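Participant: I'd like to go over a predicted model; first the sequence, then the structure.
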Amino acid sequence: MEDMPLPALFEQAQKIHRTATESGDVDQEVVRKGCKALEKCDEMISKLGLFSTNETKEDISTTNLKYLLVPYYLGELTEKVAQEDRIQILKTSQAKLKVKHIQ
């Protein structure tokens with residue numbers, strides 16, 4: 001996963017997200033792997049500078065639009081992590097779901 005290009009990593013994370021949200025009982029290791037992949041995607045998106053605060057939605061490349069879903073996917077997967085401190089998980093998930101607005 002460390003040396004995967006962003007498109008492949010995102011596709012892998014997207015498949016995990018789809019599996020986790022479509023089935024009720026999900027392996028926690030798979031959920032954690034998905035969270036880790038999405039965090040790596042988010043890091044790569046920042047390093048590559050795919051989105052800028054001074055961009056409008058019209059400025060974003062069509063091929064990069066899908067990466068706007070990374071925080072949403074991460075928030076949803078974070079909700080599925082089974083831990084004792086459920087309140088903390090929900091707060092973390094809520095923070096991930098706060099969308100970075102693009103004008």
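Facilitator: Yes, it's here.
Participant: residues making contact with the helix or strand of the chain with the lowest mean pLDDT?
Facilitator: When the helices and strands of the chain are scored by mean pLDDT, DSSP states H and E, helix 86-97 comes last with a mean of 72. For helix 86-97, contacts defined as CB atoms under 8 Å, 6 or more residues apart in numbering pick out Pro71, Tyr72, Leu74, Gly75, Glu76, Thr78, Glu79, Val81, Gln83. From N, CA and C alone the C-beta is placed, and that goes for glycine too.
Participant: show me the contacts for the fourth one.
Facilitator: Remark: with contacts taken as CB under 8 Å, 6+ apart, Gly75 is in contact with Ser93, Gln94, Ala95, Lys96, Leu97.
Participant: ok, now how distant is the second one from Asp25?
Facilitator: Spelled out, that is Gln94. 24 Å (CB to CB, to the nearest Å).
Participant: also the third one?
Facilitator: For Ala95, the distance to Asp25 (CB to CB) stands at 26 Å.
Participant: strands of the protein, residue ranges please.
Facilitator: Assigned strands in the chain: none (criterion: DSSP state E).
Participant: quick one: low-confidence parts of it?
Facilitator: Applying pLDDT under 70 to the chain flags the ranges 1, 24, 83-86, 97-103.
Participant: one more time with 50, if that's ok
Facilitator: Where the chain drops to pLDDT under 50, the residues are 101, 103.
Participant: what's the longest helix in it?
Facilitator: In terms of residue count, the longest helix belonging to the chain (DSSP state H) is helix 28-48.
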